[in-house]
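Engineer: the following block contains a protein sequence and its predicted model.
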Amino acid sequence: MKPRVHVAVIGAGAFGGWTALHLQERGARVTLLDAWGPGNSRASSGGETRIMRCTYGPNQPYTETAARSLKLWQKYERRWKRRFLHRTGVLWMASDRKHETAFERGSIEMLRSAKVKHLELSVAAMGKRWPQINFSGIEWGIFEPECGYLDARASCRAVVNAFVAGGGRYRQLAVKSEGLEDRAVRALALWDGSRLKADCYIFACGPWLGELFPSAIGNLVRPTKQDVFFFGPPAGDARFSDERMPVWADHRDHFFYGIPGSGRRGFKVADDTRGPIFDPTTGERVVSQETLKGVREYVSFRFPALKGAPLIETRVCQYEQTPDSHFIIDRHPENGNVWLLGGGSGHGFKHGPALGEMMAELILKEKEADTIWRIDRFRNSNHREHRDSQGDPQ
């Protein structure tokens, strides 16, 4: 009998956890490592919630992968008898200015092609459905009724629990960087002094990818500080709860997005503008007062009943941003048995199930990733410059 391939996956977030689970379900022997645990507060997959949406603009692969992930989230929810996807719907608000509405207009055909349920709504229709929103400056919108928001930290842990229950091995340990970019990685040096040998190594370690692989990745994955705010609606006012409001994105002059409140959290609002460079290991997670001021002004305008609402919680997370906001899915340029998976760029979490499935196929069938994901796309110097990419909210 042919021995099972042994795969080591480093990183138990949305990308790594789902990759480990899909590999294990397909018969591989898998060891999963994480320095601080699945969904921990330093990870890009940490925090309580992430948006599940398929609207992504024109000419991109993400509507298809999000649609596939939507089906997989539903499949595993049934299997585990737990709910992680809250189907509040997702509303995209668009203006009538061509340069601002191209994202939404370009999304329609992609949604149709992927067979994602959606509605095009007039501002009158939106105002009737959601009178608590001030639609000033908005002309129309896209509504995705089967999407909403995901329980982030909880689902990361559920994936790892399912992986372990199915026979996978999980260890909470960090990997040392020594020897990772040598021509042949024979074993990983771990921080407890032990070594881990496998046939194949997948590094899905989010904002730490460039630190571990300075030659292959370096600043192609750049962590940025992102502030998130939760406001408290008036007592007894259910208009801003997830029973009465969708997840929303306001794609006008400035890109704001948010998730309605629930019994556990207040009304979540964030500015999608990329923040300053941030060290996810040692960075102090204190929000910017300047960013808070701008968010308060926006909330007062778009949601008038929340003017003066108290700030009840804050969070600092990070995006691990690539220059073009596309993921990195590729072999290490010098090591065929080392795969690099990352660059979520603020929109990766929802794609975890589909990317894990994709990675399992690439590894077990010895395939190569599509060119859009490969590292060599950055050989063009124009693509090595990071830009403030709009359109990628959590």
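Structural biologist: Sure thing, it's come through.

Engineer: partner residues bridging Leu150?
Structural biologist: Judged by DSSP bridges, the bridge partners of Leu150 are Arg50, Leu85.

Engineer: so where's the stretch 1-150 of the chain uncertain?
Structural biologist: Residues of the stretch 1-150 of the chain meeting the criterion pLDDT under 70: 1-2, 97-100.

Engineer: quick one: the strands in it?
Structural biologist: 6-10, 29-33, 49-52, 85-86, 90-94, 119-122, 140-144, 148-151 (DSSP state E, counting those that start in this stretch).

Engineer: tell me which of those lies nearest to Ile312.
Structural biologist: Ile312 lies closest to strand 49-52 among those, at 14.8 Å (CB to CB). C-beta coordinates here come from the backbone N, C-alpha and C atoms, glycine included.

Engineer: what count of nearby residues applies to Ser194?
Structural biologist: Neighbour count of Ser194, defined by other CB atoms under 10 Å: 11.

Engineer: name the nearest residue to Arg42, sequence neighbours excluded.
Structural biologist: Distances taken as CB to CB, 6 or more residues apart in numbering place Pro280 nearest to Arg42, at 5.3 Å, with adjacent residues excluded.

Engineer: just to revisit the earlier point, out of the strands of the stretch 1-150 of the chain, which gets nearest to Gly193?
Structural biologist: strand 29-33 (14.5 Å).

Engineer: now Val316: phi and psi?
Structural biologist: In terms of degrees, to the nearest 10, the main-chain angles of Val316 are phi -110, psi 120.

Engineer: tell me the phi and psi of the residue nearest to it when sequence neighbours are not counted?
Structural biologist: The shortest distance from Val316 to any non-neighbouring residue, by CB to CB, 6+ apart, is to Arg285 (3.6 Å). With angles defined as degrees, to the nearest 10, Arg285 shows backbone torsions of phi -90, psi 70.

Engineer: same thing with the one 4 residues further on?
Structural biologist: In terms of degrees, to the nearest 10, the main-chain angles of Gln289 are phi -70, psi -30.

Engineer: counting neighbours, what do you get for it?
Structural biologist: 8.

Engineer: with Arg264 instead?
Structural biologist: Neighbour number of Arg264 under other CB under 10 Å is 8.

Engineer: how far away is the closest residue to Ser155 other than its chain neighbours from Asn59?
Structural biologist: Nearest residue to Ser155 in three dimensions, chain neighbours excluded: Phe84, at 4.3 Å (CB to CB, 6+ apart). As for Phe84, its distance to Asn59 is 30 Å (criterion: CB to CB, to the nearest Å).

Engineer: those two: who's more crowded?
Structural biologist: Phe84 (19 against 8).

Engineer: so what's the more buried one up against?
Structural biologist: Going by CB atoms under 8 Å, 6 or more residues apart in numbering, Phe84 touches Trp73, Glu77, Leu150, Asp151, Ala154, Ser155, Ala158.

Engineer: max-length helix in the chain?
Structural biologist: Scanning the chain for the longest helix, with DSSP state H as the assignment, gives helix 62-80.

Engineer: compute the inter-axis angle for it and strand 140-144.
Structural biologist: Angle between the axes of helix 62-80 and strand 140-144 is 40 degrees (criterion: axes from the mean of the first three to the mean of the last three CA atoms, to 10 degrees).

Engineer: not counting helix 62-80 itself, show me its contacts.
Structural biologist: With CB under 8 Å, 6+ apart as the criterion, helix 62-80 contacts 52-56, 83-85, 107, 110-111, 113-116, 146-147, 150, 158, 162, 347, 350-355, 357-358.

Engineer: make it 7 Å
Structural biologist: With contact meaning CB atoms under 7 Å, 6 or more residues apart in numbering, helix 62-80 is reached by 52-54, 56, 83-85, 110-111, 114, 116, 146-147, 158, 162, 350-355, 357.

Engineer: before we move on, what about stretch 261-268?
Structural biologist: 48-49, 228, 230-233, 240-242, 258-260, 306, 312-313.

Engineer: just give me the neighbour total for the residue nearest to Arg42.
Structural biologist: 21.

Engineer: could you pull out the helices for the stretch 201-350 of the chain?
Structural biologist: Using DSSP state H, counting those that start in this stretch, the helices found in the stretch 201-350 of the chain span residues 209-212, 289-302.

Engineer: still on that earlier bit, restricting to C-alpha, output the longest helix of the chain in CSV.
Structural biologist: Output of helix 62-80 as CSV, limited to C-alpha atoms (Å, rounded to 0.1, in the frame of the first residue of the first chain):
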residue,chain,number,x,y,z
TYR,A,62,-13.5,36.1,-6.2
THR,A,63,-17.2,36.0,-7.0
GLU,A,64,-16.8,32.4,-8.1
THR,A,65,-14.7,31.4,-5.0
ALA,A,66,-17.1,33.2,-2.7
ALA,A,67,-20.1,31.4,-4.3
ARG,A,68,-18.3,28.1,-3.8
SER,A,69,-17.4,29.0,-0.2
LEU,A,70,-21.1,30.0,0.4
LYS,A,71,-22.1,26.4,-0.5
LEU,A,72,-19.3,24.9,1.6
TRP,A,73,-20.2,27.0,4.7
GLN,A,74,-23.8,25.7,4.3
LYS,A,75,-22.6,22.1,3.9
TYR,A,76,-20.4,22.2,7.0
GLU,A,77,-23.0,24.0,9.1
ARG,A,78,-25.4,21.1,8.4
ARG,A,79,-22.7,18.5,9.2
TRP,A,80,-21.7,20.2,12.4
